[in-house]
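Student: quick one: sequence and predicted model below, then my questions.
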Amino acid sequence: MTAMTICREVPQKMEDRLIVALDVPTISEARALIDKLEGVVSFFKVGLWLQFAAGFDGLLDYLLAKKQEHLSGIMWQAPPQASVTRPR
């Protein structure tokens, strides 16, 4: 039997290799975590708690303003380009 090798491109920068789960119950805790990890992480997964929290849309706007990629539920949203706006 031969071992199969799967080759994939690995990002050069460490911050592009990490995904941090925002599994905290409040928007303010999520923002604090995002701010604390700025420059260290470029990808966040938005936890289920936050998706039902008051102010969730504001959190998505906050992530987009900081040009952070994020997963929300099963949807992926990239940072905006110059002419792209967030769908509502």
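Tutor: Good, I have the coordinates.

Student: among the helices and strands of this protein, which has the poorest mean pLDDT?
Tutor: strand 75-77 (a mean of 52; mean pLDDT, DSSP states H and E).

Student: for my notes, confirm residue 44 occurs in a helix.
Tutor: No: using DSSP: H, G, I helix; E, B strand; the rest coil, the assignment for residue 44 is strand, not a helix.

Student: test my guess that it contacts residue 22.
Tutor: Yes: counting by Cβ atoms under 8 Å, residue 44 does reach residue 22; the two are 5.4 Å apart. Where you see a C-beta, it was placed from the backbone N, CA and C, and this is true even at glycine.

Student: hey, what's residue 45 bridged with?
Tutor: residue 21, residue 71 (DSSP bridges).

Student: the helices in this structure, which residues?
Tutor: Along the chain, counting by DSSP state H, helices occupy 27-36, 48-51, 56-65.

Student: could you list the buried residues of the second one?
Tutor: Right, the one you point to is helix 48-51. 49, 50 (16 or more other Cβ atoms under 10 Å).

Student: what separation do you get for residue 45 and residue 24?
Tutor: Per Cβ to Cβ, to the nearest Å, residue 45 is found 12 Å from residue 24.

Student: low pLDDT regions in this protein?
Tutor: For the chain, applying pLDDT under 70 flags the ranges 1-4, 6, 11, 15, 69-88.

Student: and if we set it to 90?
Tutor: For the chain, the stretches with pLDDT under 90 are 1-25, 38-88.

Student: so can I have JSON lines of the helices of the chain showing distance to residue 12?
Tutor: Formatted as JSON lines, these follow (distance: least, Cβ to Cβ, whole Å):
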{"stretch": "helix 27-36", "distance to residue 12": "23"}
{"stretch": "helix 48-51", "distance to residue 12": "30"}
{"stretch": "helix 56-65", "distance to residue 12": "23"}
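
Student: fine by me, thanks again.
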